[in-house]
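# output the structure for:
(one chain, ligands or ions: 2)
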Amino acid sequence: MTDTALLIVVLAAGKGTRMKSARPKVLQEIAGRSMLAHVLALSAYVANSSTVVVIGPEMDDVRDAADRAMPGIEVFVQGQQLGTADAVKAALPALSAHTGDVIVLYGDTPLMPPATIDRVRASLDDGANVVVLGFEPDDPTGYGRLLTDADGSLRAIREDKDASAAERAIGLCNSGVLAFRTPDLVGVFNRIGNDNAKGEYYLTDAVEIIRGDGGRAALVTCAAEDVLGINSRDQLAEAEAIYQARRRLAVMSEGATLIAPETVWFSHDTVIGRDVVIEPNVFFGPGVTVEDNVVIHANCHIQGARIGQGARIGPFARLRPGADLGADVRIGNFVEVKNATLGPGAKANHLAYLGDADVGQGANIGAGTIFCNYDGFFKHKTVIGERAFVGSNSSLVAPVNIGAGAYVGSGSVITKDVASNALAVERSSQEERAGWAEKFRIMMQRRKAARG
Ligand code: UD1
Ligand code: MG
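Residues are numbered from 1 along each chain as shown. Ligands and ions are numbered 1, 2, ... in the order given. The predicted model follows:
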């Protein structure tokens with residue numbers, strides 16, 4: 001692997017009008033993370049690299065998102081959108097301070113594998129002055145075409161609008177990813193003009209200029225999906241599908257079973273352990289860790305949760321942020337858990353809400369139990385001791401503590417703390433009238449008969 005430092009310049013000044021969104025395009029999300037953050041995350045996988053980003057004016061939200069994704073990242077503002085060369089030039093202070101190589105990526109192209117960047121980089125190491133990442137899209141319309149010499153070497157990039165009919169017939173296109181030795185790039189900025197169909201400063205013109213100076217231009221190719229640029233909502237969905245397909249394969253290759261992989265949706269940061277089984281129709285929002293040997297039954301929605309080893313979740317369970325489930329916990333159907341820690345072996349198997357709680361090891365929360373955590377103004381905590389047993393259809397009005405080993409009788413509304421090993425029952429006592437039902441039936445049948 002190369003020792004040459006790589007500066008990644010991410011272009012994110014475009015507004016993306018085709019999204020029809022109030023949000024800048026690069027903040028649209030794939031697998032719960034903005035496209036921009038996906039691109040910025042690449043640098044963690046590319047050795048010896050650093051990243052800067054170019055945004056448009058009045059894009060403070062993009063600046064903030066970049067800073068959240070990569071704290072302290074250098075952000076440059078391109079005053080006017082005068083073309084891709086002008087956009088890269090906005091990062092000139094970073095380029096001037098950099099002695100290694102530079103690669104230009106787009107913030108709206110979120111599926112680039114780090115290995116592809118490594119291949120581009122290797123080509124610079126092999127002596128190229130400029131490297132273009134090319135691909136063959138199904139429909140080349142709109143892309144810059146790669147013009148090659150008889151020996152197959154790259155001569156120039158011709159933008160679609162400037163291309164002749166013969167050039168438009170070329171299927172090999174520019175992905176937008178260009179890499180340079182930094183001095184070569186800095187040297188061409190002032191030689192790129194805007195006398196072209198779009199009246200823009202094209203970064204792609206750099207290829208011909210560097211060639212003319214005697215430099216070598218190289219071509220590296222990749223799969224179309226690696227460089228899928230997102231301009232519209234349907235392309236966003238297409239990118240999501242590709243991303244998910246990759247994640248499912250990765251999760252399975254690391255030792256999890258997905259019974260119907262195409263129905264399981266991961267977040268960019270989902271962590272899945274070994275010998276985990278995930279049944280169909282499970283959705284993971286951000287921030288989920290699933291430890292080894294967990295079974296997630298069908299139709300669960302899980303976000304911001306840790307699921308401890310050997311736990312069984314669902315079917316039809318909802319784990320919300322702050323759900324922290326210990327080993328061998330059981331969460332059954334129609335149970336919602338939010339901001340609650342459950343000790344090892346604790347169970348809530350049917351129809352319950354466990355919010356803002358601490359549930360001790362081995363405790364059993366009966367069907368229909370509700371932790372009443374909210375008084376309309378504040379949230380309050382419910383604490384359930386180890387091995388406590390909460391009978392079905394109970395309401396625990398927080399703040400409240402149920403002691404270790406205590407029992408709560410079914411149907412109770414518990415408003416006061418319950419001592420360890422005590423029984424708390426809160427309901428009217430049962431009344432029974434012997435023979436009442438039979439007398440009632442006879443009386444009513446007579447009444448009905450009398451009415452004809
Ligand atoms: C560009 C390439 C084209 C390539 C295509 C791949 C040029 C001249 N053309 O064309 O060869 O096939 O991408 O998708 O480079 N941007 C800025 N500031 C600007 C202009 C653009 O930040 O002033 C950003 C955009 O936000 C976008 C990227 O650069 O992320 C590409 O710009 P775009 O206008 O989409 O270029 P294309 O015409 O698609
Ligand atoms: Mg484009």
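
# what's the first helix or strand after the longest helix anywhere in the chain?
Ranked by residue count, the top helix of the chain under DSSP state H comes out as helix 233-253. Counting by DSSP states H and E, the next helix or strand C-terminal to helix 233-253 is strand 257-258.

# rewinding a little: contacts for the longest helix of the chain?
19-20, 28, 30-31, 35, 110-111, 225, 228-230, 258, 261-262, 264-266, 268, 270, 272 (C-beta atoms under 8 Å, 6 or more residues apart in numbering). (C-beta placed from N, C-alpha, C; glycine too.)

# ok, which of those also contact ligand 1?
With C-beta under 6 Å from any ligand atom as the criterion, those include Gly229 near ligand 1.

# how about the nearest residue to Asp67, chain neighbours excluded?
Ile73 (6.0 Å; C-beta to C-beta, 6 or more residues apart in numbering).

# what's the burial count for the residue in the stretch 51-200 of the chain that ligand 1 sits nearest to?
Ligand 1 sits closest to Gly144 of the stretch 51-200 of the chain, with a gap of 2.3 Å, by C-beta to the nearest ligand atom. Residues near Gly144, counting by other C-beta atoms under 10 Å, number 27.

# one more: Lys416?
9.

# so what's the closest residue in space to it that isn't next to it in sequence bridging to?
The shortest distance from Lys416 to any non-neighbouring residue, by C-beta to C-beta, 6+ apart, is to Val400 (7.1 Å). Counting by DSSP bridges, Val400 is bridged to Thr382.

# and Val400, how far is that from Leu342?
To Leu342, Val400 is 17 Å away according to C-beta to C-beta, to the nearest Å.

# again with Ala163
From Ala163 across to Leu342, the span is 63 Å (C-beta to C-beta).

# show me which of those two is the more surrounded one.
Neighbour count, other C-beta under 10 Å: between Ala163 and Leu342, Leu342 has more, with 27 against 19.

# name the residues linked to that one by a beta bridge.
Beta-bridge pairing of Leu342 under DSSP bridges involves Leu325, Val359.

# need the contact list for it.
Ala323, Asp324, Leu325, Gly326, Val329, Ile331, Ala348, Leu354, Val359, Ala363.

# report pLDDT for it.
With respect to pLDDT, Leu342 scores 99.

# do I have it right that Ala218 meets Ser123?
Yes. At 4.6 Å, Ala218 and Ser123 qualify as touching, with contact defined as C-beta atoms under 8 Å.

# who's in contact with Asn194?
Leu82, Gly83, Glu200, Tyr201, Tyr202 are the contacts of Asn194 under C-beta under 8 Å, 6+ apart.

# is the residue of the stretch 251-400 of the chain found nearest ligand 1 in a helix, a strand, or coil?
Ligand 1 sits closest to His268 of the stretch 251-400 of the chain, with a gap of 20.2 Å, by C-beta to the nearest ligand atom. Under DSSP: H, G, I helix; E, B strand; the rest coil, the three-state class of His268 is coil.
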